[in-house]
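> Predicted model and sequence below, questions to follow.
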Amino acid sequence: NAGVTQTPKFQVLKTGQSMTLQCAQDMNHNSMYWYRQDPGMGLRLIYYSASEGTTDKGEVPNGYNVSRLNKREFSLRLESAAPSQTSVYFCASYIERGTYEQYFGPGTRLTVT
Amino acid sequence: AQSVTQLGSHVSVSEGALVLLRCNYSSSVPPYLFWYVQYPNQGLQLLLKYTSAATLVKGINGFEAEFKKSETSFHLTKPSAHMSDAAEYFCAVSPPYSSASKIIFGSGTRLSIRP
């Protein structure tokens, strides 16, 4: 049971390049989330998926797209990277009932130059 | 609307001393409250949560937090700090019975432990 996994761990992009961050969970959770973490700002929600086949915008969606490929996988795409997207990105899954617990991946540290 | 404020972006205590990390919230409904810990280069891990049961909540690694409605606070404490407690701690608030899309995170408090 690996929990939530993310690839890659580190990435450096030039302005204008594109890339996809991958996330997978093996806990059979319905909902999955992408956050970005910036110094002094906590975590901000980019996009989320309440269930397979649905996605919704969070607090800071501009410049990103997502795909909920199946129940396990939720990817985040930067179509044209900008220096403002330099951040640490976390994927998470969530138990919506009962325990209401959120499980986070180890993060992807992205630098855009 | 909900919000959460963590007082002090950096707290430093001596090994063996009391740890107190402060969190105040604002919510129009009785909230759920969470504390997460983030060790260097890792993701967030749930430390403890309040979901309207007992107001004193015990978590992992000897941490506990008390929900005080009159003070709108949910401060995190540990009686005796250990070097391994050095990490960043996040307080979070959400409406009850809701999606994680409603969770609001504080800006974090970095805890340092002096030998």
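That came through, no problem. Predicted model, so just to flag it, every value in this text is computed and none were measured.
> Residue of chain B nearest chain A, please.
For chain B, the residue closest to chain A is B:G43, as judged by Cβ to the nearest Cβ, at 3.5 Å. Just so you know, the C-beta spots here come from the backbone N, C-alpha and C atoms, and that holds for glycine as well.
> Surely that residue and A:F90 touch.
Yes: here B:G43 reaches A:F90: they are 5.7 Å apart, a contact under Cβ atoms under 8 Å.
> give me the beta-bridge partners of B:S112?
With DSSP bridges as the criterion, B:S112 is bridged to B:S12.
> Oh, that last question was meant for A:V112, not what I typed.
Beta bridges link A:V112 to A:L13 when assigned by DSSP bridges.
> What of B:V57?
B:A65.
> what's the burial count for it?
For B:V57, the neighbour count with other Cβ atoms under 10 Å in any protein chain shown is 21.
> can you tell me how far it sits from A:N70?
For B:V57, the distance to A:N70 equals 35 Å [Cβ to Cβ, to the nearest Å].
> and if you look at A:S87?
Distance, A:S87 to A:N70, using Cβ to Cβ: 26 Å.
> hmm, back to that, what sits against the residue of chain B closest to chain A?
Going by Cβ atoms under 8 Å, 6 or more residues apart in numbering or on different chains, B:G43 touches A:4, A:90, A:92, A:104-107.
> Just grab the bridge partners of the closest residue to it other than its chain neighbours for me.
Nearest non-adjacent residue to B:G43, counting by Cβ to Cβ, 6 or more residues apart in numbering or on different chains: A:F104, 3.5 Å away. Per DSSP bridges, the residues bridged to A:F104 are A:A92.
> what's the spacing between A:P83 and A:G98?
Counting by Cβ to Cβ, the separation of A:P83 from A:G98 is 42 Å.
> At the contact with chain A, which residues of chain B appear?
Taking Cβ under 8 Å from any Cβ of the partner chain as the test, the list of chain B residues beside chain A reads B:9, B:32, B:34, B:41-46, B:49, B:51, B:90, B:97, B:99-101, B:103, B:105-108.
> Just the buried ones out of those, please.
The neighbour-count test (16 or more other Cβ atoms under 10 Å in any protein chain shown) applied to the residues of chain B next to chain A identifies B:32, B:34, B:43-44, B:46, B:49, B:51, B:90, B:99-101, B:103, B:105-108 as buried.
> So which of those residues belong to strands?
Judged by DSSP state E, the subset of those located in strands is B:32, B:34, B:44, B:46, B:49, B:90, B:105.
> if we can go back for a sec, out of A:S87 and A:N70, which sits in the more crowded spot?
Using other Cβ under 10 Å as the criterion, A:S87 and A:N70 rank with A:S87 on top: 21 against 10.
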